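[1] no sequence for this one, just the structure:
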């Protein structure tokens with residue numbers, strides 16, 4: 001506070017003038033900015049707790065808004081979750097599709113494995129959201145559906161290879177599901193351990209799958225079936 005002097009000899013108490021507050025006023029978010037903030041917070045909480053243990057109250061609390069604000073944007077927890085999952089599905093698929101640029105099938109396997117492991121490494125929260133299955137979504141909105149889409153791409157690659165090598169191309173779908181499932185499950189394991197580094201993990205996955213594929217039996221049978 002600044003003191004205001006009175007006249008000389010004036011015995012009246014000195015008045016004080018309160019300095020103007022320099023505290024900045026709170027910047028109000030636009031509707032689009034608030035929506036993005038809520039999606040980001042929801043993504044983090046769903047990754048930490050899963051769908052069932054997440055509440056609108058916690059989302060609102062972390063965003064420092066009231067619950068009606070969250071309901072206004074998404075209609076409820078299911079709506080927020082659906083938006084988060086949809087974004088992660090598209091992000092992962094775009095990453096893998098963009099990575100598949102090589103001409104040789106082995107290189108394509110390497111690129112797919114590295115793309116998935118790279119997503120796990122860089123978008124850990126998003127991957128955790130995807131691998132947590134939720135009963136509120138259909139089969140088109142979860143990690144399994146993403147892996148199915150990737151498997152269909154691999155199926156086309158294997159189908160051409162099978163035909164050129166004299167194998168039944170109708171079995172390409174089975175092998176594609178097996179290969180993608182192997183990479184996906186290994187990715188879930190690697191999410192927790194984070195070693196060895198992703199390039200080493202990818203190299204071993206491709207080693208197992210490629211060398212296995214290169215020595216396929218045309219008509220495999222079960223040894224135990226004849227006992």
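    Structure received. Quick caveat: nothing in here was measured; it's all calculated off a predicted structure.

[2] Just name the shakiest helix or strand of the chain by mean pLDDT.
    strand 2-4 (a mean of 52; mean pLDDT, DSSP states H and E).

[3] Please give the element, helix or strand, for the residue positioned nearest the centre of the chain.
    Nearest residue to the geometric centre of the chain (Cα atoms, centre = their mean): residue 126, 2.4 Å. Following DSSP states H and E, one finds residue 126 within helix 124-131.

[4] how about low-confidence regions in this structure?
    Residue ranges of the chain with pLDDT under 70: 1-27, 133-142, 226-227.

[5] ranges for the strands of the chain?
    If DSSP state E is used as the criterion, the strands of the chain fall at 2-4, 15-17.

[6] Could you find the closest non-adjacent residue to residue 127?
    residue 120 (4.9 Å; Cβ to Cβ, 6 or more residues apart in numbering). Any C-beta I mention is one placed from the backbone N, CA and C, and that applies to glycine too.

[7] An error on my part: the question was meant for residue 161.
    residue 105 (5.6 Å).

[8] Just give me the neighbour total for that neighbour.
    Residues within reach of residue 105, counting by other Cβ atoms under 10 Å, total 15.

[9] got a list of what it touches?
    Contacts for residue 105 (Cβ atoms under 8 Å, 6 or more residues apart in numbering) come out as 157-158, 161, 210.

[10] and those residues as JSON lines, adding distance to residue 186 and neighbour count?
    Compiled in JSON lines, those are given as follows (distance: Cβ to Cβ, whole Å; neighbours: other Cβ atoms under 10 Å):
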{"residue": "157", "distance to residue 186": "19", "neighbour count": "17"}
{"residue": "158", "distance to residue 186": "19", "neighbour count": "23"}
{"residue": "161", "distance to residue 186": "22", "neighbour count": "16"}
{"residue": "210", "distance to residue 186": "15", "neighbour count": "15"}
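
[11] Specify which member of those residues is nearest to residue 171.
    Nearest to residue 171 among these, counting by Cβ to Cβ, is residue 158 at 8.5 Å.

[12] For the closest one, give its distance to residue 178.
    10 Å (Cβ to Cβ, to the nearest Å).

[13] same thing with residue 206?
    Residue 206 sits 14 Å away from residue 178, taking Cβ to Cβ as the criterion.

[14] Who has more neighbours out of those two?
    Taking neighbours as other Cβ under 10 Å, residue 206 and residue 178 compare with residue 206 leading, 21 against 13.

[15] how about the more buried one, what does it touch?
    Residue 206 neighbours (Cβ under 8 Å, 6+ apart): 106, 109-110, 113.

[16] Counting neighbours, which of these end up buried?
    Buried subset of those (neighbour count, 16 or more other Cβ atoms under 10 Å): 109-110, 113.
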